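Enquirer: Got a predicted structure here, sequence first:
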Number of protein chains: 4
Amino acid sequence: MRFALQTRLNDYDSKGHVNNAVYLAYFEIGRVRAWLAAGGDVDAGFILAEATISYRSPAMMGDPLDLEMTTAEIRNKAWVWQYRILDSRDDRLVAEGETVQVMFDYSSRTTVPIPEAIRDGLTRT
Amino acid sequence: MRFALQTRLNDYDSKGHVNNAVYLAYFEIGRVRAWLAAGGDVDAGFILAEATISYRSPAMMGDPLDLEMTTAEIRNKAWVWQYRILDSRDDRLVAEGETVQVMFDYSSRTTVPIPEAIRDGLTRT
Amino acid sequence: MRFALQTRLNDYDSKGHVNNAVYLAYFEIGRVRAWLAAGGDVDAGFILAEATISYRSPAMMGDPLDLEMTTAEIRNKAWVWQYRILDSRDDRLVAEGETVQVMFDYSSRTTVPIPEAIRDGLTRT
Amino acid sequence: MRFALQTRLNDYDSKGHVNNAVYLAYFEIGRVRAWLAAGGDVDAGFILAEATISYRSPAMMGDPLDLEMTTAEIRNKAWVWQYRILDSRDDRLVAEGETVQVMFDYSSRTTVPIPEAIRDGLTRT
């Protein structure tokens, strides 16, 4: 999955770079899309366990940015999504990272195995 | 009511000024405090109807900021809070504004008169 | 000018509504586009003097939102932009507001008259 | 170093939890303080290379949060800061993470060794 990000002026810090915390908000835009595309409910059935980001080159004001996202690993109860932020003009790598999600049943408040349908959906991200 | 704001690096834009939208987040820190101090429930019983801000002088990175807040008017179902953002070193006015709140019953989803106890609490802000 | 907003999960508050401060960030996405379309420099030559918002109906998670924006008034040194946030499915009005901008020369640090070319550009927003 | 965080309503998502991206903004509040305490310049002389977060338990609206921060490792050009977000009432661990910073000379635009004075300062975080 790859799509264009709509940046906002307050994404940028005083050096004119996208602020480090904002990349996680960008990742989350992709996460919502990927989750719905995988057949997940709007009222998300997973919890976020971990997030990692490597900052590769600064994104300056005006740089058009894309988010590319893929499912890297599917375990019994958890899966890993990988993200790359790219300058859409030349595919320069701006940042990359990954997050670990754990399937969660909010009614029983316990982690649960990934349902088969969601598992299939995740392979298509 | 007056208290110090804890600013964050991503409050500042690429010119090193506090971003215009962030002042509303500052106002909201005060609103939560004022509401609880007035005896309101955490799960807020009002809706925000209007917000106005005038930007008076830029707040730069490192400027220590205070929020000063007062109840300006109490009507039957609505009230007005006024806010001033000040440089805490010399009381330089950075921004000022106001918001209009309307008492709201989330169960019946209608506006309701301000309860007497809240009305008293609001006069003390 | 009208275009679709790309919402983010952290635009929503604990009631599932777009947070009141976030609308100013939405307005600003439009402001950048309108400014560039009017022939303005990326390194903006104006300061924001005032902002007003009226909250008309809540935007819930998943509601697709559009921003509609128009130049309402052009004075000697200042101009007014108006904004409407709409549910793109049925044009339900979510929020509306306006901002006042003042032309500013960052080198001399004074307000200046709006250049003729910008003035023409603004009429086309 | 340990201090209280001032949370904001728009830190919370639609489940009433602090949004995952906001923790990086919390870490950054500590980073600015630690940097200044170590003798660093406001106009930061480092770049952020990596960030990692593990989400341990949700922080709900109203939970008072502290940030605890320590320097975990100092290399020739880079150092590692570790962070823990704690419920200040009982030290329940909410999130923990680390960031890698690289000393950077913005005039020559190259990475440089950590100056001795800063190195000493970092050991005291």
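Expert: Ah, there it is.
Enquirer: alpha carbons only for contacts and neighbour counts from here, please
Expert: OK.
Enquirer: got a list of what residue A:88 touches?
Expert: For residue A:88, the contact set (C-alpha atoms under 8 Å, 6 or more residues apart in numbering or on different chains) comprises A:4, A:64, A:65, A:66.
Enquirer: hmm, try it at 10 Å
Expert: Going by C-alpha atoms under 10 Å, 6 or more residues apart in numbering or on different chains, residue A:88 touches A:3, A:4, A:5, A:63, A:64, A:65, A:66, A:67.
Enquirer: Same check on residue A:35?
Expert: Taking C-alpha under 10 Å, 6+ apart, we find residue A:35 in contact with A:41, A:42, A:44, A:45, A:46, A:118, A:121, A:122, A:125.
Enquirer: same deal with residue A:94?
Expert: A:18, A:23, A:54-60, A:65-66, A:84-87.
Enquirer: If we use 8 Å, what do you get?
Expert: With C-alpha under 8 Å, 6+ apart, residue A:94 has these contacts: A:55, A:56, A:57, A:58, A:59, A:84, A:85, A:86, A:87.
Enquirer: before we move on, what about residue A:101?
Expert: Residue A:101 is in contact with A:46, A:47, A:48, A:49, A:50, A:78, A:79, A:80, A:81, counting by C-alpha under 8 Å, 6+ apart.
Enquirer: I'd like those residues laid out as TSV, including secondary structure and pLDDT.
Expert: Listed next are those as TSV, based on DSSP: H, G, I helix; E, B strand; the rest coil; pLDDT from 0 to 100:
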residue	secondary structure	pLDDT
A:46	strand	94
A:47	strand	94
A:48	strand	96
A:49	strand	98
A:50	strand	98
A:78	strand	98
A:79	strand	98
A:80	strand	98
A:81	strand	98
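Enquirer: any idea how far the residue in chain A sticking out farthest from the centre lies from chain D?
Expert: Centroid-distance maximum for chain A: residue A:108 at 26.1 Å, with C-alpha atoms, centre = their mean. Distance from residue A:108 to chain D, counting by C-alpha to the nearest C-alpha, to the nearest Å: 16 Å.
Enquirer: For that residue, give me the pLDDT.
Expert: With respect to pLDDT, residue A:108 scores 90.
Enquirer: Check which helix or strand the residue nearest the centre of chain A maps to.
Expert: Note on chain A: the residue nearest the mean C-alpha position is residue A:27, at 3.2 Å, using C-alpha atoms, centre = their mean. Using DSSP states H and E, residue A:27 sits in helix A:22-37.
Enquirer: can you pull the buried residues of that helix?
Expert: Buried positions in helix A:22-37, judged by neighbour count with 16 or more other C-alpha atoms under 10 Å in any protein chain shown: A:22-32, A:34-37.
Enquirer: Stretch A:109-125 now?
Expert: A:111, A:112, A:114, A:118, A:119, A:121, A:122, A:125.
Enquirer: wait, which of those residues is closest to chain B?
Expert: Using C-alpha to the nearest C-alpha, residue A:111 is the member of these that lies nearest chain B, at 27.8 Å.
Enquirer: now the closest one, nearest residue through space, not along the chain?
Expert: residue A:104 (4.3 Å; C-alpha to C-alpha, 6 or more residues apart in numbering or on different chains).
Enquirer: Give the next helix or strand downstream of the helix or strand the one you found falls within.
Expert: Using DSSP H and E, the element containing residue A:104 is strand A:93-105. For strand A:93-105, the following helix or strand on the C-terminal side (DSSP H and E) is strand A:110-111.
Enquirer: List the pairing partners of that next one within its sheet, with orientation.
Expert: strand A:93-105 (antiparallel) (DSSP bridges).
Enquirer: which parts of the partner strand are buried?
Expert: A:93, A:94, A:95, A:96, A:97, A:98, A:99, A:100, A:101, A:102, A:103, A:104.
Enquirer: quick one: stretch A:37-53 near chain D?
Expert: Yes. Interface with chain D: stretch A:37-53 contributes A:48, A:49, A:50, A:51, A:52, A:53 (C-alpha under 8 Å from any C-alpha of the partner chain).
Enquirer: thought the second one was touching residue D:54?
Expert: Yes. In this structure, residue A:49 is within contact of residue D:54 by C-alpha atoms under 8 Å, at 5.9 Å.
Enquirer: So for those two, which residues contact both of them?
Expert: Overlap of the contact sets of residue A:49 and residue D:54 (by C-alpha under 8 Å, 6+ apart) is empty.
Enquirer: and chain A, which residues reach chain D?
Expert: Counting by C-alpha under 8 Å from any C-alpha, chain A sits next to chain D at A:20-25, A:48-56.
Enquirer: Go ahead and name everything in contact with stretch A:14-29.
Expert: A:5, A:11-13, A:55, A:58-61, A:67, A:83, A:95, B:10, B:12-17, C:7-10, D:20-25, D:48.
Enquirer: Run the chain-centre distance for it.
Expert: 12 Å (C-alpha atoms, centre = their mean, to the nearest Å).
Enquirer: mean confidence for it?
Expert: So the average pLDDT for stretch A:14-29 ends up being 95.
Enquirer: measure residue A:52 to chain B for me?
Expert: For residue A:52 relative to chain B (C-alpha to the nearest C-alpha), the value is 19 Å.
Enquirer: Might you list the low-confidence residue ranges for chain A?
Expert: A:44 (pLDDT under 70).
Enquirer: tell me the angle of the strand holding residue A:104 relative to helix A:22-37?
Expert: 50 degrees (axes from the mean of the first three to the mean of the last three C-alpha atoms, to 10 degrees).
Enquirer: Let me see the contact set for residue A:77.
Expert: Counted by C-alpha under 8 Å, 6+ apart, residue A:77 has contacts A:102, A:103, A:111, A:112, A:113, A:114.
Enquirer: In a markdown table: these, plus distance to residue D:73.
Expert: Formatted as a markdown table, the contacts of residue A:77 follow (distance: C-alpha to C-alpha, whole Å):
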| residue | distance to residue D:73 |
| --- | --- |
| A:102 | 31 |
| A:103 | 34 |
| A:111 | 35 |
| A:112 | 37 |
| A:113 | 38 |
| A:114 | 38 |
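Enquirer: what about the nearest residue to residue A:100 once chain neighbours are set aside, neighbour count?
Expert: Using C-alpha to C-alpha, 6+ apart and skipping the chain neighbours, the partner closest in space to residue A:100 is residue A:80 (4.7 Å). Burial measure for residue A:80: 18 neighbouring residues, criterion other C-alpha atoms under 10 Å in any protein chain shown.
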